[in-house]
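Asker: Below: sequence and its predicted model.
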Amino acid sequence: MHELAITQGILSVVLEAAEAAGARRVRTIDLTVGTLTGYVDESIRFYFDLLSRGTPAEGAVLRIRREPGEGHCQTCEARFPVEPPVIPTCPFCGSPQIRITGGTRCVVERIEVEHGDEHSGCEGNPPGQ
Ligand SMILES: [Zn+2]
């Protein structure tokens, strides 16, 4: 169920960026989702379709890239893949001093937008500065 909250976050980032770019419509969204987030692609897509209705992001194509989990041991400096469920010890030396260095992000990498027709704007002066 936590995909609902994260998808709301994604959508607001996308809509803000689209507005800043003066976009009429969002065409594609590139997302990076870490495998350790526990988020399910299909749920994100489902909520996105639902939440984006009536917004410029409606009908946008979601491209989801999975980022593998990675850990770094502070004791022996090993780097190793981490898969859920996370076991908080180093697989090489058994140290509990590990740091998760990858796979926990869920970020919008980039969006592709369509701009409105030049002649449709009658918004007055462009923003100053
Ligand atoms: Zn270690």
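Answerer: Cool, the structure landed.
Asker: Next one: the closest residue to V40 other than its chain neighbours from the ion, what distance?
Answerer: In space, V40 comes closest to E3 once its chain neighbours are excluded; the distance is 6.5 Å by CB to CB, 6 or more residues apart in numbering. Quick note: C-beta positions are derived from backbone N, CA and C, even for glycine. With distances defined as CB to the ion, to the nearest Å, the gap from E3 to the ion amounts to 33 Å.
Asker: Let me know the pLDDT of the residue most central in space within the chain.
Answerer: Nearest residue to the geometric centre of the chain (CA atoms, centre = their mean): V107, 2.7 Å. V107 is assigned 95 on the pLDDT scale.
Asker: Up against the ion, what does this structure have?
Answerer: C73, T75, C76, A78, C90, F92, C93, S95 (CB under 5 Å from the ion).
Asker: With secondary structure as added columns, please give these in CSV.
Answerer: Compiled in CSV, the residues of the chain next to the ion are given as follows (DSSP: H, G, I helix; E, B strand; the rest coil):
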residue, secondary structure
C73, strand
T75, coil
C76, coil
A78, coil
C90, coil
F92, coil
C93, coil
S95, coil
